[in-house]
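Undergrad: sequence? don't have it. structure:
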């Protein structure tokens, strides 16, 4: 969340506090949060979901509200979709290197177990790739994200 807010601030954008929601990582939560956020004024033109289940729930809520994706609202989520979760509109995602994250975490754990005196903090930054698909579109003239 801190990184998301920092990136928006660096882009000259601010997220109103009532647009940020925290719930379980489920379709039902995504549905409820999208309904709540889109009842605010002004309404956002884009939603960023922390996982695909939340994004799928948000897509359902937006459709039920008569909003088009991406015509009225863009939706973006973390992590790429597995083949059984491919839906329309196909989600734009921030794809993380899950295998590499797991591999490096296991290496750090094994190193810590073999040398318990290792207490140092280590920051590892792995690349994230944006995969543009049908659920996101450009801002319309005069819109704010």
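TA: Everything's here; your move. The shown structure was predicted, so the numbers you read here are calculated from the model rather than taken from an experiment.

Undergrad: helices of this protein, start to end?
TA: Using DSSP state H, the helices found in the chain span residues 2-10, 27-37, 52-64, 98-114.

Undergrad: distance from the longest one to the middle of the chain?
TA: Relative to the centre of its chain, helix 98-114 is centred 24 Å away, using Cα atoms, centre = their mean, to the nearest Å.

Undergrad: what is that helix packed up against?
TA: Contact here means 3 or more Cβ pairs under 8 Å, 6 or more residues apart in numbering; DSSP states H and E; on that basis helix 98-114 packs against no helix or strand. Where C-beta positions appear, they are placed from N, C-alpha and C, glycine not excepted.

Undergrad: what mean pLDDT does it get?
TA: Helix 98-114 carries an average pLDDT of 91.

Undergrad: mind listing what's buried in that helix?
TA: For helix 98-114, the neighbour count (16 or more other Cβ atoms under 10 Å) marks no residue as buried.

Undergrad: so which of the helices of the chain is nearest residue 131?
TA: Closest to residue 131 of the helices of the chain is helix 52-64 (Cβ to Cβ; 12.3 Å).

Undergrad: what is the mean pLDDT for the closest one?
TA: Rounded mean pLDDT across helix 52-64 is 92.

Undergrad: can I get the helices of the chain in JSON lines with distance to residue 130?
TA: Below are these laid out as JSON lines (distance: least, Cβ to Cβ, whole Å):
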{"stretch": "helix 2-10", "distance to residue 130": "12"}
{"stretch": "helix 27-37", "distance to residue 130": "20"}
{"stretch": "helix 52-64", "distance to residue 130": "14"}
{"stretch": "helix 98-114", "distance to residue 130": "16"}
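
Undergrad: any regions of the protein where pLDDT drops low?
TA: 83-85, 139-145 (pLDDT under 70).

Undergrad: got the end-to-end distance for stretch 115-123?
TA: Stretch 115-123 has an end-to-end distance of 18 Å (Cα to Cα, to the nearest Å).

Undergrad: how about residues contacting that stretch?
TA: With contact meaning Cβ atoms under 8 Å, 6 or more residues apart in numbering, stretch 115-123 is reached by 108, 111-112.

Undergrad: quick one: the residues you listed as CSV, columns for distance to residue 100 too.
TA: Converted to CSV, the contacts of stretch 115-123 look like this (distance: Cβ to Cβ, whole Å):
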residue, distance to residue 100
108, 12
111, 16
112, 19
